[in-house]
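K.L.:
one predicted model, sequence on top.
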Amino acid sequence: MAGIASAPRASLLEDTAPRVLFADLVAGALDRTGVVPTAQACAYLVDLLADRVRPAPVAEGADACEETFAEGLLGARSEPGRARVARLRVLGDRALFRVGFFVDNLEGRRNGAGWVREVGRMAYGDLAGLLAGPHWRRARLFEELADRFGDFAEVLTEVGDGTRTAAPAGLVSLSDRYLRLGREADRRRLQRRGLVVPPEAVGRLQ
């Protein structure tokens with residue numbers, strides 16, 4: 001998976017323990033987005049980022065050789081017992097990270113961000129069902145991740161944009177995305193960074 005490629009912030013990953021850094025970034029993103037997770041879900045987001053984001057940038061699309069999300073869901077559901085639990089968690093994590101941290105890469109694809117979100121919800125939802133009973137605490141965590149998948153993807157997008165827009169090029173990229181797609185979440189991100197784009201400009205950038 002791609003790492004944080006923004007040069008001005010890359011040193012943070014080199015100089016700071018990843019989990020400490022991402023705990024701070026997630027806390028800031030939660031504050032800015034207004035998302036209020038349980039402590040368990042918050043810790044899960046931090047661990048997910050610390051595990052998947054690396055100091056050395058990897059080319060975007062590096063996971064192109066991986067199975068598709070549809071293949072992953074079908075494969076996970078066909079596995080027995082513990083193997084199914086493991087594959088569903090990996091699939092849910094992959095979907096959440098991809099649609100959160102790299103949502104731009106899904107733009108224009110036939111199976112785009114909406115499809116990846118749905119696969120992630122289903123993976124976490126299936127996992128919660130499998131863990132219900134003796135593992136009810138873990139089941140409740142994955143139930144929350146499924147039910148609030150969109151909220152948590154938004155938090156990860158905020159973290160990613162927050163690191164990239166530390167450089168002027170990153171802010172331009174965020175502005176371009178808003179001009180192309182007109183997403184309300186992107187408008188709020190721009191406002192939080194002190195930039196207001198006139199509504200009549202939306203849709204003019206091709």
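P.N.:
Yes, it's here. Residues are numbered from 1 along each chain as shown.

K.L.:
how's the chain carved up into domains?
P.N.:
What automatic domain parsing lists as the domains of the chain is 9-164, 165-206.

K.L.:
would you map the helices across the chain?
P.N.:
Along the chain, the segments classed as helices by DSSP state H run 7-15, 18-33, 39-52, 69-78, 81-101, 113-131, 136-147, 149-164, 168-181, 184-192.

K.L.:
what pLDDT does Gly3 get?
P.N.:
For Gly3, the pLDDT comes out at 38.

K.L.:
lowest-pLDDT helix or strand in the chain?
P.N.:
helix 7-15 (a mean of 42; mean pLDDT, DSSP states H and E).

K.L.:
least reliable of the domains of the chain going by mean pLDDT?
P.N.:
domain 165-206 - the lowest mean pLDDT of these, at a mean of 59.

K.L.:
so what touches stretch 94-104?
P.N.:
1-2, 48-49, 52-53, 60, 63, 66, 69, 72, 105-106, 113, 116-117, 119-120, 123, 145, 149, 152-157, 159-160, 173, 177 (CB atoms under 8 Å, 6 or more residues apart in numbering). Any C-beta I mention is one placed from the backbone N, CA and C, and that applies to glycine too.

K.L.:
and those residues, which are buried?
P.N.:
For these, a neighbour count by 16 or more other CB atoms under 10 Å gives the buried set as 1-2, 48-49, 52-53, 69, 72, 105-106, 113, 116-117, 119-120, 123, 145, 149, 152-157, 159-160, 177.

K.L.:
and the spatially closest residue to Ala76 that is not a sequence neighbour, what does it touch?
P.N.:
Nearest in space to Ala76, with sequence neighbours left out and distances taken as CB to CB, 6 or more residues apart in numbering, is Arg87 at 3.8 Å. Arg87 sits next to 72, 75-76, 79 when contact means CB under 8 Å, 6+ apart.

K.L.:
ranking the residues you listed by neighbours, who comes first?
P.N.:
Ala76 (23 neighbours; other CB atoms under 10 Å).

K.L.:
for that one, list the residues it contacts.
P.N.:
84, 87-88, 91, 123, 126.

K.L.:
likewise Glu67?
P.N.:
If you count contacts by CB under 8 Å, 6+ apart, Glu67 has them with Gly75.

K.L.:
state the distance from it to Ala113.
P.N.:
18 Å (CB to CB, to the nearest Å).

K.L.:
how near is the residue nearest to Ala76 to Pro18?
P.N.:
25 Å.

K.L.:
again, but for Leu48
P.N.:
11 Å.

K.L.:
spatially nearest residue to Leu30 (excluding sequence neighbours)?
P.N.:
Excluding its sequence neighbours, the residue lying closest to Leu30 (CB to CB, 6+ apart) is Val155, at 6.0 Å.
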